[in-house]
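Student: let's see this in three dimensions:
(one chain, ligands or ions: 1)
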Amino acid sequence: MKIAILGYGTVGSGVGEILTTHRNTLSVPLELVAILERKEQLHRHPLMCDNIESILCDPEIEAVVETMGGIEPAHTYILRALKAGKHVVSANKAVIARYAQEFHNCAKEHGVSFLYEASCGGGIPWLHQLHSVKRIDEIDEIEGIFNGTSNYILDHMTKESQTFQHVLRKAQELGYAEADPSADIDGMDILNKLRISIMLAFDTAVAETIPVFGIRNIQKADLLYPETADYVLKLLAVAKRSGNHYDAVVEPTLCPLSSPQSAVRDHYNLTCLHGTTIGKLCLLGQGAGKFATAHAIVQDLTDIVLGTAYDSPSFAQSLTYDGTILRSAYIIRTTLGKSQLQSILGKHLHHCDTFAAYTYAHTDVLYKAKMHQLMKEIVNADAQAFLMALAQMEE
Ligand code: HSE
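Tutor: This is a model prediction of the structure:
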């Protein structure tokens, strides 16, 4: 199968290298014939061009790999490639989270595949796993560490007692972070992956606003707080289905030392699901990085050649968001005093500790949505910084 790659950054060039340098170990013939890049990049590779028309109009090109990132022109190019009868494989979670249904409908209409294993969990075959489990089970919960950069930052801040900025720079040098790392740090990258995962796991379109907290304001002091000594702080994404409703959240979470999440190091991801008969299933793998992510793309290309690509999600369920399904206790770091917190958190306030210069407020079990609503009322920016869900406490 002849292939064009749109965008030759970290992941795109990883695909290019697998298709050429590792050609002998591929189980099906995959031939790279064109690369779309900006004019100033054309000197980097003999197959590069800056004209999308020459790729879309070439009848020999059967598949297009989209690794440009961002919404436009990726959205337009994906649709045009599908309409031109080409299979599309994409790693671009932002555009997929927004337009998946349109892409799937278009692919179906034109008898081609639209696949995106690399968009969630890097090299982990997570989307394949969701499809596979769904052949037998109903999936009622998904949960995991879906971002390599933020896991790398939290892990190295904890292990090496380094500052946030120092570790972020290291993650960028290693090629894990997005071009603009705020998507990694503020949880938006995870939100896109969670939306895609919900869509596939629950067979529904995901239109609702999902509460998201990132790790931008996590401080070393938070990691030293004595009450959290038996936990490891991780940035988790969770979605749970109950009947015709679902709840979802992205937030820093304290995971007990005995949990599989607490053992996830560096840029690794851990993606978990719960199905009717399979029970809990977790996959661990590299969630970011050039070759692990490129591997997932080449897997999709291989499935297309072998005719083993999975079907589109049916979007048959129309689930509605219910922010009262997921509940946790929280610890909040704030400079507000106990009485001010009492007036905001009311009966939900469990107790307050003073540690170093901060007050840490413990809440009772709260709905995620309720907590996020309360957080908006805690005006001190510090309070928003250290939101931790002690999800396991209620189990
Ligand atoms: N920046 C992303 C991460 C890359 O760190 O997980 C993989 O999606």
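Student: for the stretch 251-395 of the chain, which segments count as strands?
Tutor: 268-275, 279-286, 320-321, 327-328, 330-334, 349-355, 358-363, 366-367, 387-389 (DSSP state E, counting those that start in this stretch).
Student: meant to ask about the stretch 1-150 of the chain
Tutor: 2-6, 31-36, 48-49, 61-66, 87-90, 114-115, 139-145.
Student: quick one on the thing from earlier: nearest to the ligand, out of the strands of the stretch 251-395 of the chain?
Tutor: strand 268-275 (7.0 Å; CB to the nearest ligand atom). C-beta: built from backbone N, CA, C; applies to glycine.
Student: run the angle between that closest one and strand 139-145 for me.
Tutor: 170 degrees (axes from the mean of the first three to the mean of the last three CA atoms, to 10 degrees).
Student: in its sheet, what does strand 268-275 sit against?
Tutor: Using DSSP bridges, strand 268-275 pairs in its sheet with strand 139-145 (antiparallel), strand 279-286 (antiparallel).
Student: point out where the stretch 51-200 of the chain drops to low pLDDT.
Tutor: Judged by pLDDT under 70, the stretch 51-200 of the chain has no weakly predicted residues.
Student: and the helices in it?
Tutor: 52-56, 74-83, 93-109, 126-134, 148-160, 164-173, 182-185, 188-202 (DSSP state H, counting those that start in this stretch).
Student: looking at those helices, which is buried most?
Tutor: helix 188-202 (a mean of 25; mean count of other CB atoms under 10 Å).
Student: packing partners of that one?
Tutor: helix 93-109, helix 126-134, strand 139-145, strand 231-242, strand 245-256 (3 or more CB pairs under 8 Å, 6 or more residues apart in numbering; DSSP states H and E).
Student: with distance to residue 297 added, can I get these in JSON lines?
Tutor: Listed next are the helices and strands packed on helix 188-202 as JSON lines, based on distance: least, CB to CB, whole Å:
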{"stretch": "helix 93-109", "distance to residue 297": "13"}
{"stretch": "helix 126-134", "distance to residue 297": "12"}
{"stretch": "strand 139-145", "distance to residue 297": "20"}
{"stretch": "strand 231-242", "distance to residue 297": "22"}
{"stretch": "strand 245-256", "distance to residue 297": "25"}
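Student: which one of the ones you listed lies closest to the ligand?
Tutor: The nearest among the helices and strands packed on helix 188-202, by CB to the nearest ligand atom, is helix 93-109 at 6.5 Å.
Student: quick one: contacts of that closest one?
Tutor: Identification of contacts with helix 93-109 by CB atoms under 8 Å, 6 or more residues apart in numbering yields 66, 69-71, 74-75, 78-79, 82-83, 87-88, 90, 113-114, 116, 119-120, 183, 189, 191-193, 195-196, 199, 205-206, 312-313, 315.
Student: let's see the pLDDT reported for whichever residue of the stretch 151-300 of the chain sits closest to the ligand.
Tutor: Residue of the stretch 151-300 of the chain nearest the ligand, by CB to the nearest ligand atom: residue 288 (3.7 Å). Per-residue pLDDT puts residue 288 at 93.
Student: in terms of mean pLDDT, which of the strands of the stretch 251-395 of the chain ranks lowest?
Tutor: Among those, strand 387-389 scores lowest, at a mean of 63.
Student: please identify the most buried of the strands of the stretch 1-150 of the chain.
Tutor: strand 87-90 (a mean of 27).
Student: by contact count, what packs against that strand?
Tutor: Taking 3+ CB pairs under 8 Å, 6+ apart as the contact cut, strand 87-90 packs with strand 61-66, helix 74-83, helix 93-109, strand 114-115, helix 290-306.
Student: could you dump the ones you listed to JSON lines with distance to the ligand?
Tutor: Formatted as JSON lines, the helices and strands packed on strand 87-90 follow (distance: least, CB to the nearest ligand atom, whole Å):
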{"stretch": "strand 61-66", "distance to the ligand": "14"}
{"stretch": "helix 74-83", "distance to the ligand": "15"}
{"stretch": "helix 93-109", "distance to the ligand": "6"}
{"stretch": "strand 114-115", "distance to the ligand": "16"}
{"stretch": "helix 290-306", "distance to the ligand": "6"}
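Student: so for residue 254, which of those sits nearest?
Tutor: Closest to residue 254 of those is helix 93-109 (CB to CB; 26.2 Å).
Student: how far does that closest one sit from the chain's center?
Tutor: The chain centre lies 17 Å from the centre of helix 93-109; the measure is CA atoms, centre = their mean, to the nearest Å.
Student: what's the answer for stretch 37-47, then?
Tutor: For stretch 37-47, the distance to the chain centre is 30 Å (CA atoms, centre = their mean).
Student: ok, stretch 22-39 next?
Tutor: Distance, centroid of stretch 22-39 to centroid of chain: 26 Å (CA atoms, centre = their mean).
Student: got the CA positions of it in PDB?
Tutor: Provided in PDB are the C-alpha atoms of stretch 22-39 (Å, rounded to 0.1, in the frame of the first residue of the first chain):
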ATOM      1  CA  HIS A  22      12.400  -1.200   9.600                       C
ATOM      2  CA  ARG A  23      11.000  -2.200   6.300                       C
ATOM      3  CA  ASN A  24      12.300  -5.700   6.400                       C
ATOM      4  CA  THR A  25      10.400  -6.600   9.600                       C
ATOM      5  CA  LEU A  26       7.000  -5.300   8.400                       C
ATOM      6  CA  SER A  27       4.500  -8.100   7.700                       C
ATOM      7  CA  VAL A  28       2.700  -6.300   4.900                       C
ATOM      8  CA  PRO A  29       4.100  -4.100   2.100                       C
ATOM      9  CA  LEU A  30       3.800  -0.400   3.200                       C
ATOM     10  CA  GLU A  31       5.600   2.100   1.000                       C
ATOM     11  CA  LEU A  32       6.100   5.800   1.800                       C
ATOM     12  CA  VAL A  33       5.800   7.800  -1.400                       C
ATOM     13  CA  ALA A  34       5.100  11.400  -0.300                       C
ATOM     14  CA  ILE A  35       5.400  13.700   2.700                       C
ATOM     15  CA  LEU A  36       3.600  17.000   3.100                       C
ATOM     16  CA  GLU A  37       5.600  19.700   4.800                       C
ATOM     17  CA  ARG A  38       6.000  23.500   4.800                       C
ATOM     18  CA  LYS A  39       8.200  25.000   2.100                       C
END
